[in-house]
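Participant: here is my input, please return the structure:
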Amino acid sequence: AKAIGEQVMNYVEALVRDSLADLAEREAVVALCKIKAILDDESLDDPNCALRIDAIVRVFHDAGLSTDRHWEWE
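Facilitator: Model (predicted):
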């Protein structure tokens, strides 16, 4: 476990900080595009927007981001 941990740390240290920021930004843009598509999706139309909210919450969960809404999905 120690040897694996050291290799992981070596790999992480070798990554350029900017490349990690770029990756995070790309992932954020992907999530925002998915959320925009959900907001524009007329098939998710209901009076309380529950279908849209559920779909947006799913985007958060799929991205590994927790939310207190729909905790039962976690």
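
Participant: and K34, what does it touch?
Facilitator: V59 (Cβ atoms under 8 Å, 6 or more residues apart in numbering). Where C-beta positions appear, they are placed from N, C-alpha and C, glycine not excepted.

Participant: where does it land on pLDDT?
Facilitator: You'll see K34 listed with a pLDDT of 97.

Participant: so where's the chain uncertain?
Facilitator: Along the chain, segments meeting pLDDT under 70 span 16-18, 70-74.

Participant: where is the longest helix in it?
Facilitator: Taking DSSP state H as the criterion, the chain has its longest helix at helix 17-40.

Participant: quick check: the residue most central in space within the chain vs A24, distance?
Facilitator: Nearest to the centroid of the C-alpha atoms of the chain, with distances taken as Cα atoms, centre = their mean, sits A63, at 2.2 Å. Spatial separation of A63 from A24 under the definition Cβ to Cβ, to the nearest Å is 11 Å.

Participant: what do you get for D54?
Facilitator: For D54, the distance to A24 - Cβ to Cβ - is 25 Å.

Participant: neighbour count winner among the two?
Facilitator: Just comparing D54 and A24: by other Cβ atoms under 10 Å the higher neighbour count belongs to D54, 15 against 10.

Participant: does the more buried one sit in a helix, a strand or a coil?
Facilitator: Using DSSP: H, G, I helix; E, B strand; the rest coil, the secondary structure recorded for D54 is helix.

Participant: same question, S66
Facilitator: The assignment at S66 comes out as coil when based on three-state DSSP.

Participant: and it, how many neighbours does it have?
Facilitator: Neighbour tally, S66, other Cβ under 10 Å: 11.
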